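In: Okay, here's the prediction I keep looking at, along with the sequence it came from:
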Amino acid sequence: MKVADLFAGVGGLSQGFLKAGFEIAIAIEYDNGIALSYKKNHPYTDVYASDICDLDFKEIHNKHPRIDVVVGGPPCQGFSQKGKRLSINDPRNFLFKQFIRFVEEFSPKYFVLENVPNIITTENGFFKDEIIHAFNDLGYDVCCGILRAVDFGVPQDRRRAVFIGQKGKLEIDFPKPNGIKNTVKDAISDLPIILSGEGKEKCEYDKEPESDLQKDLRGDSVVLYNHVATKHNETALRRMAMIPIGEGGKVLPEEERTKSIYSGTYCRLLENDVAATITTRFDTPSSGRFTHPVLNRCITTREAARIQTFPDSFIFYGSKTSQMKQVGNAVPPYLAYAIAKEIIKNESNINN
């Protein structure tokens, strides 16, 4: 089955659908640097590095006459917990209309629209109802809800609102938790030990995988990419050295505490638990619980990618800032995989 990934980012949704056996025919990503990274990892996908509002969907449709599934996460900053929640007065929240326009043009069998959890409750469900009614008008039956990445083997407490639509009658189910619980240790314990400022964009593994998750994410990879630690300043290193395993910034002496608004400031990741949501600033100890469980540094791009469940064969290109944006904004591939499998299962039921 062929997929179009809108607002694709580096391709977390794409990666999950690929793992389930789908073909990613089209990807649209506004950021040129991120689109380049997407293209390098998905060489057979037709990638449009463009503002979706400027694209001629009919022209794309002529080139790709059949798309079975449309997926994507339209940016809706006004729904963010950290945004001002300007809601219906915020034009940033209406890019989902471009997603609807694409579905209208291509008329796929299914669509998957993901976003921040607030999209379901903001303005007393105004946006949720708007989205569902818009797709109903196009002939789609829709269900929506909140999925927790941790329920699908992702070692991270990440929640996403997901809308699943099917042309005609809705027969597809929301994925159920698979019972697999992975921890931070399960994700990163086999990676080479490096200190602040150390590491290379390309290096060798120095130990065997120690968990099923590591075995799966390694796959057939023999080279490790993007395992480079940020070089922290003396102040940050001094503070991290004061944080015991399992603790955070609250144990710092009063004179060492920062005014950061983030609750996880200078907190170490817990080896035997899941990580908090990986954001785009995981190299900064004051931005959240991103300090390595035992080392005095923040996690690397590869460690963050492991926690997001990207395979080691997936290489992040560009500057450190771009790489962090690529990883932090992505849908965890394992979560996308769980959704993709439900579509496969439904197709199998239809065909039988």
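Out: Cool, got the structure.
In: Counting neighbours, which bits of the helix or strand bottoming out on mean pLDDT in the chain end up buried?
Out: Within the chain, no helix or strand scores below helix 118-137, which has a mean of 88 by mean pLDDT, DSSP states H and E. Neighbour-count burial for helix 118-137, counted by 16 or more other CB atoms under 10 Å, picks out 118-120, 122-123, 127-128, 130-132, 134-135. Where you see a C-beta, it was placed from the backbone N, CA and C, and this is true even at glycine.
In: closest to S189 among those residues?
Out: N118 (34.2 Å; CB to CB).
In: Look up the pLDDT of the residue lying closest to D186 once chain neighbours are set aside for me, please.
Out: Nearest residue to D186, sequence neighbours excluded (CB to CB, 6 or more residues apart in numbering): S211, at 4.1 Å. On the pLDDT scale, S211 is placed at 97.
In: do the same with T45
Out: At T45, pLDDT is 98.
In: Likewise for E29?
Out: Per the predicted model, pLDDT is 97 at E29.
In: Tell me, how many residues neighbour it?
Out: 25 (other CB atoms under 10 Å).
In: Likewise for the one 10 residues further on?
Out: Residues lying near K39 (other CB under 10 Å) number 18.
In: Check G219 too.
Out: By other CB under 10 Å, neighbour count at G219 equals 10.
In: before we move on, what about N346?
Out: 18.
In: Without its sequence neighbours, what residue ends up closest to it?
Out: Closest to N346 by CB to CB, 6+ apart is I172, at 4.4 Å.
In: check contacts around the one you found.
Out: If you count contacts by CB atoms under 8 Å, 6 or more residues apart in numbering, I172 has them with 110, 143, 164, 166, 342-343, 346.
In: Just give me the closest of these to K63.
Out: Of those, the one sitting nearest to K63 (CB to CB) turns out to be Y110, at 20.9 Å.
In: Excluding chain neighbours, what is closest to that closest one?
Out: With sequence-adjacent residues excluded and distances taken as CB to CB, 6+ apart, Y110 is closest to V69, at 4.7 Å.
In: And the pLDDT for the one you found?
Out: 98.
In: which is the next helix or strand following the least confident helix or strand of the chain?
Out: Downstream of helix 118-137, the first helix or strand assigned by DSSP states H and E is strand 140-148.
In: From the chain's centroid, how far away is that following strand?
Out: On the basis of CA atoms, centre = their mean, to the nearest Å, strand 140-148 sits 18 Å off its chain's mean C-alpha point.
In: which residues are in contact with that strand?
Out: Counting by CB under 8 Å, 6+ apart, 103, 111, 117, 120, 128, 131-132, 135-136, 157-170, 172, 174-175, 177, 335, 338-339 sit against strand 140-148.
In: May I have the strands that pair with it, each with its orientation?
Out: Within its sheet, strand 140-148 is paired with strand 159-167 (antiparallel), according to DSSP bridges.
In: so where do the helices sit in this protein?
Out: Applying DSSP state H to the chain gives helices spanning 12-19, 32-41, 57-63, 96-106, 118-137, 184-188, 212-218, 234-241, 301-308, 320-328, 333-351.
In: deepest of those helices, which one?
Out: helix 301-308 (a mean of 28; mean count of other CB atoms under 10 Å).
In: quick revisit: the inter-axis angle of the least confident helix or strand of the chain versus helix 96-106?
Out: With axes from the mean of the first three to the mean of the last three CA atoms, to 10 degrees defining the directions, helix 118-137 sits at 30 degrees from helix 96-106.
In: Can I get the helices of the chain in JSON lines including distance to G199?
Out: What follows is the helices of the chain, written out as JSON lines (distance: least, CB to CB, whole Å):
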{"stretch": "helix 12-19", "distance to G199": "23"}
{"stretch": "helix 32-41", "distance to G199": "19"}
{"stretch": "helix 57-63", "distance to G199": "40"}
{"stretch": "helix 96-106", "distance to G199": "38"}
{"stretch": "helix 118-137", "distance to G199": "36"}
{"stretch": "helix 184-188", "distance to G199": "13"}
{"stretch": "helix 212-218", "distance to G199": "18"}
{"stretch": "helix 234-241", "distance to G199": "16"}
{"stretch": "helix 301-308", "distance to G199": "9"}
{"stretch": "helix 320-328", "distance to G199": "11"}
{"stretch": "helix 333-351", "distance to G199": "23"}
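In: Select from those the stretch with the lowest mean pLDDT.
Out: Among the helices of the chain, helix 118-137 carries the lowest mean pLDDT (a mean of 88).
In: And that one, how far out from the chain middle?
Out: 22 Å.
In: Same question for stretch 209-228.
Out: 18 Å.
In: As a check, name the ranges of all strands in the stretch 151-300 of the chain.
Out: For the stretch 151-300 of the chain, applying DSSP state E, counting those that start in this stretch gives strands covering 156-157, 159-167, 199-204, 223-228, 275-276.
In: May I see the ones you listed organised as JSON lines, with mean neighbour count and distance to T45 added?
Out: Converted to JSON lines, those look like this (neighbours: other CB atoms under 10 Å; distance: least, CB to CB, whole Å):
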{"stretch": "strand 156-157", "mean neighbour count": "18", "distance to T45": "26"}
{"stretch": "strand 159-167", "mean neighbour count": "21", "distance to T45": "22"}
{"stretch": "strand 199-204", "mean neighbour count": "14", "distance to T45": "23"}
{"stretch": "strand 223-228", "mean neighbour count": "20", "distance to T45": "20"}
{"stretch": "strand 275-276", "mean neighbour count": "24", "distance to T45": "29"}
